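Student: any chance you can model this:
(chains A and B, ligands or ions: 1)
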Amino acid sequence: MSAEANPAFLADIAAIVGEGNVRPEGRHCHANPSSASEISQLAKCANTHRATLIPVGKGGRSMPTDDMRPQILLNMGRMNHVLHLDPTSLVVHAQAGITGLVLEELLNKRGLTLGAFAPAGLGSSLGGLLAVRTPGKSSRQHGTLENMVLGVSAVLSDGRSLHTRVAPRRASGPDFARILCGSEGTLGIITSAHLRVHKLPESRLLVAFRLPNMEEALAAVRLAMREEASPAAVRVYDASEAMAHLEEQCEGEEALLVAATAGPTSLAACDRDLIASAVSAVGGVRASEDIAAAWWEKRTGNSDAPTPPAPNLQVSATPRMLSPVYDAIVASCKEQGLQCRAHASRFDRDGGVLFVTVLDAEGAMLAARSPELNAVSDAAESAGAYLLGKPNASLQRYFDLLRHGLDPENLLNPGVLR
Amino acid sequence: MAGLGEEELFNALASIVGGKCVSMVERDREVYSRDMWPRLLIRRRQGGEIEHLPHAIVWPESEREVAAVVRLANKLGMAIIPYGGGSGVCGGAVPLRGGITIDMKRMDAIQSISREELVTDVQAGANGERFERELRAKGYTLGHFPSSIYCSTVGGWLACRAAGQLSTKYGKIEDRVVGLTFVTGKGQVIQTDEFARARRGPDWTQLIVGSEGTLGIITSARLRISPAPEITILRGFAFESVEEGTRAIRKVMQRGLRPAVVRLYDEVDTFINHVSVFESHSEEALETSGLCPWPEKGAGALPVLPSSEGDVPGTPPRARKGMGDKALRLGRRLGSRIKQGATAAALTRPKLVNSTFGALANSISKSGCKMIIGLEGPRLRTEVEAQLTFAALERAGGTDEGEEPGLKWLAHRYAVSYKMSPMFREGGFVDTMEVASTWERLPDLYESVKKAIGAHAVVMAHFSHAYADGCSIYFSFAGRADGLLETQNTYDAIWRDGLAAATRVGGTISHHHGIGLLKGQAMHGEHREAMTLFRALKNTFDPNNTMNPGKMGLPLHGEMKVL
Ligand SMILES: Cc1cc2nc3c(=O)[nH]c(=O)nc-3n(C[C@H](O)[C@H](O)[C@H](O)COP(=O)(O)OP(=O)(O)OC[C@H]3O[C@@H](n4cnc5c(N)ncnc54)[C@H](O)[C@@H]3O)c2cc1C
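Tutor: Below you'll find the predicted structure:
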């Protein structure tokens, strides 16, 4: 097996995307296509040269060790155009390479937004955001990012391109776009998507509350949502997290709840009041709005205050299970002589996410996959949490069948979702 | 039947579900030869032969039994047809290759209701009305009220991506489902109710919902429920035109407001609603005729919505304020002429009738379109939302007509669907075509589909099921021709032209009735290369083409290549 790329392979790719958009790397080749039709030709080229086609996100990809075929590494950076903005229907059609943040900025200028998603979750390209399912891209007001998809365009392993029908809802068969969303580039390469967008809210109100403990704080969130409060964002901090993130002192087990409600002013006020009454029902009290303002500044990246390092454990759970899961995590840490702090956010109708920072006795963060951290995450899982990044094991064989049907030669991102 | 005699087939099935739950009797087979697809109703009424009969019908009571029957069918090379309420209107339950029809209605248990998570586990055969009534008794609602709630099942809803009348708030059934238990075409049982967003890979639930029994059988589902609404607020509004009315709906939806129901009737539909042309028989007569299901007064599903309980008024006067007497008389005369046997003559000249109705409707009143709007939910938020909504509608040119039209709609909301029978009895047919698109394309969709249908039948429309990004249009049409063959040809032409028009302007051919047999060809027009994805799903779950073969544009016989 030669270490150099086959010149005919390189020439074919260059003929498709242009000399300047090709970069050989060993036997492999980086290609920067600019359109769906170029991706379609690259797929055909991969078939001809028995190469694999690998969409590379920002972080790069680990290569499958047992696959000796040359790779076409697809960099989607040039496919960063907004193809159409339909201001009547509030639908944007954008290429897969545009990042969520850039798209959001373009929309904001026109009084529009992708939705109440945390900016921190929108750094990747649109293709990546849709192809990889993570629970962080969800909000109470607008659901998951996938719910914003009206239709996708994609290229399949044999180079054919397809467009799922764009409609607000359909009853013409299953939701075909959902085959491609979440499949991490293994069933087809998403080249563009039609997304619902929203008007920027007419007003936004920020509030903060102190609650006796995490359990009551999470109960308050649940109660408010039962009353159909639809905040743009809610976050619950335990006492140590409140200190680490907001430099707020809490007594004992106290927890902080911050929320942003948005929409027509009277509705935003109504949602704020619903949260307030849920909070007081479980024994909480109003806290200074400055706390909420500080949180919002950080969330939107407008704050100079130092941000604590990213948490080393993320788990999600249904509304009822969030509190027991939190307790299990705390107990496991205590048992192992570790410290931890946590906040819960990304609440939607199915649940929320706990972001946990686990530290050793000296206050240093535990490394990923360290035995102690694994023990904590096991404890969370047995208390009913879902750990991130696990495929649905019981359905793996069906995924393999689906994959075999759509990519019989196993050309698309072969190392992933095995 | 793969060499199996009738008796052997009976015994094989009986050994799975018990002898009492298998039938191969002629009469039962006839009953299960169709659903409520109007084309088959026409055929039946006009003496046409039954083309497709199932070999057998079974009534299993567990997932295990369903799986065993499916495995048997695989072994025998026979088809399986899932059957819920049989209320489908697209021929989805027709046994094109014969085979075994699995009626799910014995699997109707509500397995759990979780207060904290606001979800319920329910078996697929549960009847819609009973299910909602039981939820209500415990203080919840599914929020799903299709007009067919009395005669359809949870499984049928999920199979067809059904929509209820309050979908604008609660969403369609696909928005209410968290997960499924599903028997694949090979007889394996899978569950898709893991916490979806925490799992990598595709969202399997959404790949099965809408597959109309072509991939396997849904045996139970986990659905989202909501606390029963504390209040319901209803209103009628009037708008000058369809454009004005639809723009108003769009404004409301795009402000993030979520009324439970918004229905805008076009000029003709508004007019017909007033003179009740299709009301060939009085409701009393219908109730006693026994020809169609009719709930006893006050004993319905219905979640008679709390605030209005007990004070739903009787039928208010038909004429709206300001509607000229003369115009009304004219309309009534036209209406009653159609009633009195002139139906035939009128319906065979659809273009004339369409233009007459259109002009008449326009001249009757300056404010040509009627809207029904309602909100429900917890008191506080619903009241605030209602104020914002009504103010937005007035700003957009609407005239508030008070509560009465809303209450009237509520009281009769299931009635219109059951008024079809007389039309068939009189030799004509009625059907509905529900299409949808983004707002930008909606005017094109409305005009082009109306024109396409209008060439063959009397047509009217209302706009319901609104979203921030678009809306569905529900066309009703009535037609007639001489003899079975001609009638079928007219019927087929309406669908061919209507669906082609919807596809051409970028709409979808179905918003909530599904595809079945009726729209199989049009499926290819709508999805084109994306049908590859459907074939891949089919080969994944049902490689032997056992499940409901020949539906949804998939082949009747044989194997299928994905790529
Ligand atoms: C008077 C009337 C009013 C209607 N109003 C509405 C309305 O308001 N909204 C709306 O959406 N629809 C409406 N419909 C259409 C129809 O009721 C819906 O399509 C309904 O979802 C069908 O449910 P069902 O249980 O009767 O299914 P069936 O007619 O028995 O079956 C429909 C299809 O689904 C398949 N299927 C059934 N059960 C299962 C299962 N468990 N697993 C897999 N596949 C299955 C069948 O094979 C068939 O292809 C109406 C119909 C009538 C006759």
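
Student: point to the helix or strand of chain A where mean pLDDT is at its lowest.
Tutor: Sorting the helices and strands of chain A by mean pLDDT, DSSP states H and E puts strand A:390-391 at the bottom, at a mean of 80.

Student: list the neighbours of that strand that are in contact with it.
Tutor: By CB atoms under 8 Å, 6 or more residues apart in numbering or on different chains, the surrounding residues in contact with strand A:390-391 are A:Phe399, A:Leu417, B:Ala198, B:Arg199, B:Arg200, B:Gly201. C-beta here means a position set from N, CA and C on the backbone, and glycine is covered the same way.

Student: partners of it, with directions?
Tutor: Its sheet considered, strand A:390-391 pairs with strand B:199-200 (parallel) by DSSP bridges.

Student: just confirm yes or no for the following helix or strand past the partner strand near chain A.
Tutor: Toward the C-terminus, strand B:199-200 is succeeded by helix B:204-208 as the next helix or strand (DSSP states H and E). Yes. Using CB under 8 Å from any CB of the partner chain, helix B:204-208 reaches chain A at B:Trp204, B:Gln206, B:Leu207, B:Ile208.

Student: quick one: the last one and B:Thr219 touch, right?
Tutor: Going back to what we said before, that points to B:Ile208. No. Counting by CB atoms under 8 Å, B:Ile208 does not reach B:Thr219; the two are 11.4 Å apart.

Student: ok, and the closest non-adjacent residue to the residue nearest the centre of chain A?
Tutor: Centroid check for chain A by CA atoms, centre = their mean gives A:Lys137 as the closest residue, at 3.8 Å. Among residues not flanking A:Lys137 along the chain, A:Leu145 sits closest, at 4.1 Å (CB to CB, 6 or more residues apart in numbering or on different chains).

Student: quick one: the one you found from the ligand, how far?
Tutor: Distance of A:Leu145 to the ligand, computed by CB to the nearest ligand atom, to the nearest Å: 27 Å.

Student: who's in contact with that residue?
Tutor: A:Leu114, A:Gly115, A:Phe117, A:Leu129, A:Leu130, A:Lys137, A:Ser138.

Student: Serialize the residues you listed to JSON lines and add fields for pLDDT and secondary structure.
Tutor: Listed next are those as JSON lines, based on pLDDT from 0 to 100; DSSP: H, G, I helix; E, B strand; the rest coil:
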{"residue": "A:Leu114", "pLDDT": "95", "secondary structure": "coil"}
{"residue": "A:Gly115", "pLDDT": "92", "secondary structure": "coil"}
{"residue": "A:Phe117", "pLDDT": "89", "secondary structure": "coil"}
{"residue": "A:Leu129", "pLDDT": "94", "secondary structure": "helix"}
{"residue": "A:Leu130", "pLDDT": "94", "secondary structure": "helix"}
{"residue": "A:Lys137", "pLDDT": "80", "secondary structure": "coil"}
{"residue": "A:Ser138", "pLDDT": "81", "secondary structure": "strand"}
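
Student: pick the one among those residues closest to A:Arg160.
Tutor: A:Leu130 (19.6 Å; CB to CB).

Student: which one of the residues of helix B:204-208 next to chain A has the most neighbours?
Tutor: Neighbour tally across those (other CB atoms under 10 Å in any protein chain shown): the maximum, 28 neighbours, falls on B:Trp204.

Student: quick one: is the top helix by length along chain A near chain B?
Tutor: For chain A, the longest helix by residue count, based on DSSP state H, is helix A:265-281. Yes. Using CB under 8 Å from any CB, helix A:265-281 reaches chain B at A:Ser266, A:Leu267, A:Cys270, A:Asp271, A:Asp273, A:Leu274.

Student: and the contacts of the one helix or strand B:Glu383 maps to?
Tutor: Assigned by DSSP H and E, B:Glu383 falls within helix B:379-395. Here helix B:379-395 makes contact (CB under 8 Å, 6+ apart) with A:227-229, A:264, A:266-267, A:270-271, A:273-274, B:229-231, B:233, B:235, B:237, B:248, B:251-252, B:255, B:257-259, B:371, B:373, B:375-377, B:400.

Student: export only the CA atoms of the lengthiest helix in chain B, formatted as CSV.
Tutor: Across chain B, the longest stretch assigned as helix under DSSP H is helix B:483-504. The C-alpha trace of helix B:483-504 is given here as CSV (Å, rounded to 0.1, in the frame of the first residue of the first chain):
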residue,chain,number,x,y,z
GLY,B,483,-72.8,4.9,-14.1
LEU,B,484,-70.0,3.3,-12.2
LEU,B,485,-67.4,3.5,-14.8
GLU,B,486,-67.9,7.2,-15.6
THR,B,487,-68.1,8.0,-11.9
GLN,B,488,-64.9,6.3,-11.2
ASN,B,489,-63.2,8.1,-14.1
THR,B,490,-64.4,11.4,-12.8
TYR,B,491,-63.3,10.6,-9.3
ASP,B,492,-59.8,9.4,-10.6
ALA,B,493,-59.4,12.5,-12.7
ILE,B,494,-60.1,14.8,-9.7
TRP,B,495,-57.4,13.2,-7.7
ARG,B,496,-54.9,12.9,-10.5
ASP,B,497,-55.3,16.6,-11.4
GLY,B,498,-55.6,17.9,-7.9
LEU,B,499,-52.5,16.1,-6.6
ALA,B,500,-50.5,17.0,-9.6
ALA,B,501,-51.4,20.7,-9.0
ALA,B,502,-50.4,20.4,-5.4
THR,B,503,-47.0,18.9,-6.3
ARG,B,504,-46.4,21.4,-9.1
